[in-house]
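Trainee: Can you look at this prediction? I've put the sequence above it.
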Amino acid sequence: MPFDYVNVKGNPAEIDRMVRLSGGRQVPVIVDEGKVTVGFGGT
C-alpha cells in the first residue's frame with residue numbers, strides 16, 4: 001500500500017494541516033480514505 005510521509009518540522013503549512021486533522025500536535029497522524037488515526041495506539 002503506497003503512502004506519503006510528510007515531515008512537518010520546519011513547515012508551517014504542514015503543521016497547520018496536521019493540527020487541523022488531529023486536533024493537536026500529536027504524531028503520527030494517519031489519514032486513510034478520510035479516516036484520521038492519531039498516535040500509534042489508534043485513537
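Mentor: Everything's here; your move. Numbering: from 1, shown residues only.
Trainee: The residue most central in space within the chain - nearest residue in space that isn't next to it in sequence?
Mentor: Residue closest to the average C-alpha location in the chain (Cα atoms, centre = their mean): Val29, at 2.7 Å. Ranked by Cβ to Cβ, 6 or more residues apart in numbering and with sequence neighbours excluded, the top spatial neighbour of Val29 is Ser22, at 4.6 Å. C-beta coordinates here come from the backbone N, C-alpha and C atoms, glycine included.
Trainee: Next one: the one you found from Asp4, what distance?
Mentor: 16 Å (Cβ to Cβ, to the nearest Å).
Trainee: and the two? which has more neighbours close in?
Mentor: Comparing Ser22 with Asp4 by other Cβ atoms under 10 Å, the one with more neighbours is Ser22, at 19 against 5.
Trainee: Report pLDDT for the more buried one.
Mentor: Per-residue confidence (pLDDT) for Ser22: 91.
Trainee: was I right about it contacting Val36?
Mentor: Yes - using Cβ atoms under 8 Å, Ser22 is in contact with Val36, at 6.7 Å.
Trainee: who touches both of those two?
Mentor: With contacts taken as Cβ atoms under 8 Å, 6 or more residues apart in numbering, the residues that reach both Ser22 and Val36 are Val29.
Trainee: hey, where'd the strands end up in this protein?
Mentor: Using DSSP state E, the strands of the chain run over 29-32, 35-38.
Trainee: Redo those as TSV? Include distance to Pro12 and mean pLDDT.
Mentor: As requested, those are arranged in TSV below (distance: least, Cβ to Cβ, whole Å; pLDDT from 0 to 100):
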stretch	distance to Pro12	mean pLDDT
strand 29-32	16	91
strand 35-38	20	92
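Trainee: Tabulate those in JSON lines, adding columns for distance to Lys9.
Mentor: Formatted as JSON lines, these follow (distance: least, Cβ to Cβ, whole Å):
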{"stretch": "strand 29-32", "distance to Lys9": "14"}
{"stretch": "strand 35-38", "distance to Lys9": "18"}
